[in-house]
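Asker: Okay, predicted coordinates and the sequence, questions at the end:
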Amino acid sequence: MQTVNTVESLREAVESLRENGTVAFVPTMGALHEGHLTLVREARKRAAHVVVSIFVNPTQFGPNEDLDAYPRRMAEDSRLLEAEGVALLWAPDVAEMYPAGFATTISVTGVSDNFCGASRPGHFDGVATVVCKLFNQVRPDMALFGEKDWQQLAVIRRMARDLDLSRPHARDIVGVPTVREADGLAMSSRNQYLSAEQRQAAAVLPRAMRTAIAAIAAGEPAAQALAALEATLLGAGFSSIDYAALADAQSLEVLDAPGQAPARLLVAARIGSTRLIDNMAVG
Ligand code: AMP
């Protein structure tokens, strides 16, 4: 595996990979776990070469968020990626990604308005801008993202369509189902912030979500099922709920009840200062 830290060396390395096969790209912020590695394995099945980026993007963190505390484990991550057969690791620093004078922001309206867009102002502008830059830097044939960050995936697909991106084309943005711990908790780099007691409470989230989905499927009004879900989380030791909502799976518009189009249950909740998100299909 080759590791590159400048846009120029990245371009050269990707060019030579592309000469003998397709390139799949997996963007990450590092502190890799089985969720990330599942994206890499899926990428390997779909393309001749896999490029992974590790960049903790400051512009997608709010002023009081965990940018400084976010885990950074480049040496260990690098070993894990090498063992998975990754061809190229793109690991720019902040100055390489945002040179002096950087002044452009991509803002995807609508799909990024609710949920994490509302509870983390500016977050999706940071995500859309850095992902657009990463796409232009790597110019992959396809890119893989986790469904764990459902709204992020919707924002990136919208951006790719709206900006007529060709590398990757919107149709080549692949969503990969959420990888979970044995007790159902969605894997996340942020799970390591949890104490043993908090970690136990966190497992209530996916269970309570399944209960709410079953209730909605049985005809209970969504508002009632969501109120019960919130009460369960607060009773289990969650400190606050950012949102718990039923939404159209593509447009992310809030729904009162599931209709013909696919719907999604989306939740963000805090245990202490750790913010956990999860989402599941409804119906
Ligand atoms: P992050 O490093 O958190 O920015 O995540 C990098 C990529 O891995 C994103 O596309 C995430 O959606 C994806 N990802 C993170 N956790 C999981 C998970 N538990 N299952 C599947 N994909 C995940």
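Answerer: Happy to help now that I have it.
Asker: Grab the nearest non-local neighbour of residue 141.
Answerer: residue 22 (4.4 Å; C-beta to C-beta, 6 or more residues apart in numbering). The C-beta positions use only the backbone N, C-alpha and C, and glycine is treated the same way.
Asker: Contact partners for that neighbour?
Answerer: 46-49, 141-142 (C-beta atoms under 8 Å, 6 or more residues apart in numbering).
Asker: and which of these is nearest the ligand?
Answerer: Set against the ligand, the nearest of those by C-beta to the nearest ligand atom is residue 142 (13.0 Å).
Asker: if I pick that closest one, what's in contact with it?
Answerer: Counted by C-beta under 8 Å, 6+ apart, residue 142 has contacts 22-25, 43, 46-47, 168, 172-174.
Asker: where does the residue nearest the centre of the chain fall, helix, sheet strand or coil?
Answerer: The residue lying closest to the centre of the chain (C-alpha atoms, centre = their mean) is residue 149, at 3.6 Å. Per DSSP: H, G, I helix; E, B strand; the rest coil, the local secondary structure of residue 149 is helix.
Asker: Could I get the contacting residues of it?
Answerer: Residue 149 neighbours (C-beta under 8 Å, 6+ apart): residue 277.
Asker: do the same with residue 57
Answerer: Residue 57 neighbours (C-beta under 8 Å, 6+ apart): 29, 97, 126-127, 130.
Asker: which of those are close to the ligand?
Answerer: Restricting the contacts of residue 57 to those adjacent to the ligand (criterion: C-beta under 6 Å from any ligand atom) gives residue 29.
Asker: Looking at the contacts of residue 57, which two lie furthest apart in space?
Answerer: 97 and 127 (13.2 Å; C-beta to C-beta).
Asker: who's more crowded, those two?
Answerer: residue 127 (26 against 19; other C-beta atoms under 10 Å).
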